[in-house]
Every structure is written in structure tokens, then in C-alpha cells.
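Colleague: Model the following, please.
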Amino acid sequence: MIGPQGVFEVATLTATNLGPWARMPASGLPVRIEVLIHFPWDRDAGLFTGERIWLGGSP
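Modeller: A predicted model of the protein is given here:
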């Protein structure tokens, strides 16, 4: 979604945990994670001011 406040992205990451990630050892199990990312827009500077990421999911 694109708007005056910036860009907002929603994605689903699916993978198999074959190596360490997020302080968790490899498990060989499938992983599904919902990812929400907001890229705030600074109208005065005409630039994005970073990103905020939210993760949620289940093993």
C-alpha cells in the first residue's frame, strides 16, 4: 500500500529451517512467518526515514 505516510508491505515468508536463524538452531522443519513492513515517508525531506518490521508466525 502506498500513501502519504509511506509504503506498507505485507508478505508471507515460507521456508525450511536448515540453519541457525533468530537465535534458533536448525530444525529441518517448515516455517511460515507473516511479515509487515512500514517505510515511513518524510514529505519535507522527500526521503524514506527507515523501516519498521513486525514478524509473526508459527513453526
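
Colleague: contacts and neighbour counts: CA atoms only from here.
Modeller: Fine.

Colleague: Tell me the buried residues in the biggest strand by length in the chain?
Modeller: Ranked by residue count and defined by DSSP state E, the top strand of the chain is strand 30-42. For strand 30-42, a neighbour-count test (16 or more other C-alpha atoms under 10 Å) marks His38, Phe39, Pro40, Trp41 as buried.

Colleague: got those residues as CSV, with distance to Leu29 and pLDDT columns?
Modeller: Below are the buried residues of strand 30-42 laid out as CSV (distance: C-alpha to C-alpha, whole Å; pLDDT from 0 to 100):
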residue, distance to Leu29, pLDDT
His38, 29, 96
Phe39, 31, 97
Pro40, 34, 97
Trp41, 37, 96
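
Colleague: From those residues, pick the one nearest Trp54.
Modeller: His38 (8.8 Å; C-alpha to C-alpha).

Colleague: show me the contacts for the closest one.
Modeller: Gly6, Val7, Phe8, Glu9, Glu51, Arg52, Ile53 (C-alpha atoms under 8 Å, 6 or more residues apart in numbering).

Colleague: Before I go, just wanted to say thanks for your time.
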